[in-house]
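# when you get a sec, could you give me coordinates for this:
(chains A, B, C and D)
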2 protein chains.
Amino acid sequence: MARPNLSNQRRAELVPVLARAFAELGYRRATTAALAERCGLRENQLYRLWPNKKAMFLASIDYLYEYTAEIWSRLLNEEDDISPAERILNWEGEHRGETGLHRITFAGLNEADDPEVREALKRMYRKFHRFIIGQVKAHRETAGSADHPDATLTAWSVIALGMMTNITHELGLLNSKAQGKLFQEVGRLLLEGGDDK
Amino acid sequence: MARPNLSNQRRAELVPVLARAFAELGYRRATTAALAERCGLRENQLYRLWPNKKAMFLASIDYLYEYTAEIWSRLLNEEDDISPAERILNWEGEHRGETGLHRITFAGLNEADDPEVREALKRMYRKFHRFIIGQVKAHRETAGSADHPDATLTAWSVIALGMMTNITHELGLLNSKAQGKLFQEVGRLLLEGGDDK
DNA sequence: TTATTTTGTAAGTATACACTTACGTTTTAA
DNA sequence: TTAAAACGTAAGTGTATACTTACAAAATAA
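Sure, this is the predicted structure:
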């Protein structure tokens, strides 16, 4: 044999670069030439690491979750006097949209008639959903809030808020103060639930 | 002179067809050839009605609001024992995503670095926002609920829910029952507000 | 009728882009 | 040392696609 295969490692190094490219350009405008240039490679070198452009995109979708989960996990381990759920809410209210990586979801939704892209997006949303459900339940146990709406709906709603603040940030529809208020105020209402009827 | 110019009328007839094409295919894959074919025209005939493909897309964004507002307005004028806001909530919970036209927003967000597309989307969201604020206020006046969060935030949250149910519908993440529950239950919580703290 | 404008049909152009081929250079296990 | 595999560089290929040109047919105000 000869020369160890470093493909896995190189893929791991390059995915963040690809993800950023897809985020900035969208799927179609992220040409293979542009992707290669940002990676500091030639096109065919990229094609030695992934079979085609779509595979590069799918890897970027997975990366989006991993990146976010990594940040949230760090928040969970911080010492603080408010609940982890609230910490995440606060953090997202302040920083949502900053990386621009969320645009990968826009690109993905735009390609969602492709079965593999659909599946990658579904996986991603489900993982976020699970993560958030865990936090909602934990928060409600310690804070003893009303459980309307149930954790599942609440988690979807939180994701919805996240999506919306991404959009308002993207389009400049809300300034960052209003964006934070939206996320935190409505997020808290959802977390703590409504009146028991 | 000779032959009256029917361009305005033809544009009005064709925009729904274009909008559907952009919705089904996304911006990039909606090729001018495909657009022309669905309109039953040749490409250059389309180019006699709009200066370029982007203009066709911008017209489709505007149409998306008009189409939805038209439906909502009809709901407002119905006789019923629940408030108009709740009627819209119920209707959207049941029918959201059915037309597929919402995919135009996915396509638009994916092209949002183009200034004209950005502006068209901003206009669209602001119009929806205004419309919904009106309904929220009207509902709260008659129903006299707690006023957290304020109407502006509530309206953005309702739009967020709409976006989310579009996505879950698109990806098959929720069945239609769960989708309706999400829209109606959380929508109502937002409308009626939480406990006064 | 006739001059003028719209409408229809067909073909073409220039470019961008996903993906490939070819070939030389470097690295490392044996 | 050497064979095999990884890595680097350059150029190419076929196709898709936004937009154009050219020209004939139809319609209508004068």
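# the helix ranked longest in chain A close to DNA strand C?
Criterion DSSP state H: the longest helix present in chain A is helix A:115-143. No: Helix A:115-143 does not reach DNA strand C (CB under 7 Å from any atom of the strand); its nearest approach is 12.3 Å. For glycine as for every other residue, the C-beta is placed from the backbone atoms N, C-alpha and C.
# buried residues in that helix?
A:117-118, A:120-122, A:124-125, A:128-129, A:131-133, A:135-137, A:139-140 (16 or more other CB atoms under 10 Å in any protein chain shown).
# next structured bit after that helix?
Downstream of helix A:115-143, the next assigned helix or strand under DSSP states H and E is helix A:151-171.
# could you give me the average pLDDT of that next one?
Across helix A:151-171, pLDDT averages out at 95.
# which residues of chain A lie near DNA strand D?
Within chain A, the positions lying close to DNA strand D (CB under 7 Å from any atom of the strand) are A:1-7, A:10, A:41-45, A:48.
# hmm, 6 Å instead?
Within chain A, the residues that sit near DNA strand D (CB under 6 Å from any atom of the strand) are A:Met1, A:Ala2, A:Arg3, A:Asn5, A:Leu6, A:Ser7, A:Arg42, A:Glu43, A:Asn44, A:Gln45.
# circling back to that earlier point, and the longest helix of chain A, is it in reach of chain B?
Yes: part of helix A:115-143 sits near chain B under the criterion CB under 8 Å from any CB of the partner chain, namely A:Arg118, A:Leu121, A:Lys122, A:Tyr125, A:Arg126.
# closest to A:Leu25 among those residues?
The nearest member of those to A:Leu25, counting by CB to CB, is A:Leu121 at 18.2 Å.
# surely the closest one and A:Gly108 touch.
Yes: using CB atoms under 8 Å, A:Leu121 is in contact with A:Gly108, at 4.9 Å.
# mutual contacts of those two, please.
Taking CB atoms under 8 Å, 6 or more residues apart in numbering or on different chains as the contact rule, A:Leu121 and A:Gly108 both touch A:Ile61.
# where does pLDDT dip in chain A?
A:1, A:195-197 (pLDDT under 70).
# who touches the nearest residue to A:Met124 once chain neighbours are set aside in this structure?
Excluding the flanking residues, the one nearest A:Met124 by CB to CB, 6 or more residues apart in numbering or on different chains is A:Tyr65, at 4.9 Å. Neighbouring residues of A:Tyr65 by CB under 8 Å, 6+ apart: A:Arg123, A:Met124, A:Lys127, A:Phe128.
# now for these: which two are most distant?
Farthest pair in the contacts of A:Tyr65 (CB to CB) is A:Arg123 and A:Phe128. Separation: 9.9 Å.
# could you list the contact residues of chain A toward DNA strand C?
Proximity of chain A to DNA strand C, by CB under 6 Å from any atom of the strand, involves residues A:1-4, A:29, A:31-33, A:43-44, A:47, A:52-53.
# mind running it again at 10 Å?
Within chain A, the positions near DNA strand C by CB under 10 Å from any atom of the strand are A:1-4, A:6, A:25, A:27-36, A:42-48, A:50-57.
# now, the residues you listed that are in helices?
Among the residues of chain A next to DNA strand C, DSSP H puts A:25, A:27-29, A:32-36, A:43-48, A:53-57 in helices.
# how distant is the strand or helix carrying the residue nearest to A:Met124 from the center of its chain?
Assigned by DSSP H and E, A:Tyr65 belongs to helix A:53-76. Distance, stretch centre to chain centre, for helix A:53-76: 6 Å (CA atoms, centre = their mean, to the nearest Å).
# circling back to that earlier point, now for the longest helix of chain A, which elements pack on it?
Here helix A:115-143 touches helix A:53-76, helix A:84-95, helix A:103-110, helix A:151-171, helix A:187-192, helix B:151-171, going by 3 or more CB pairs under 8 Å, 6 or more residues apart in numbering or on different chains; DSSP states H and E.
# next SSE after the last one?
Moving toward the C-terminus from helix B:151-171, the first helix or strand encountered (DSSP H and E) is helix B:176-181.
# how many neighbouring residues does the closest residue to DNA strand D within chain A have?
With CB to the nearest atom of the strand, the shortest gap between chain A and DNA strand D falls at A:Ala2, namely 2.7 Å. Neighbourhood size, A:Ala2 [other CB atoms under 10 Å in any protein chain shown]: 3.
# pull the contacting residues for the spatially closest residue to A:Leu41 that is not a sequence neighbour.
What sits nearest to A:Leu41 in space, not counting adjacent residues and going by CB to CB, 6+ apart, is A:Leu14, at 8.0 Å. By CB under 8 Å, 6+ apart, the contact set of A:Leu14 is A:Cys39, A:Leu41, A:Leu46, A:Leu49.
# A:Leu14: which element?
Using DSSP H and E, the element containing A:Leu14 is helix A:7-29.
# before we move on, what about A:Glu98?
Assigned by DSSP H and E, A:Glu98 falls outside every helix and strand.
# what's the closest residue in space to A:Thr152 that isn't next to it in sequence in contact with, if anything?
Using CB to CB, 6+ apart and skipping the chain neighbours, the partner closest in space to A:Thr152 is A:Ile133 (6.5 Å). The contact partners of A:Ile133, by CB under 8 Å, 6+ apart, come to A:Ala151, A:Thr152, A:Thr154, A:Ala155.
# now the two most distant members of these.
Farthest-apart pair in the contacts of A:Ile133 is A:Thr152 and A:Thr154; separation 7.1 Å (CB to CB).
# quick one: which of those two has more around it?
Between A:Thr152 and A:Thr154, A:Thr154 has the larger neighbour count (other CB under 10 Å), namely 30 against 16.
# that one and DNA strand C, how far apart?
Going from A:Thr154 to DNA strand C by CB to the nearest atom of the strand, to the nearest Å gives 39 Å.
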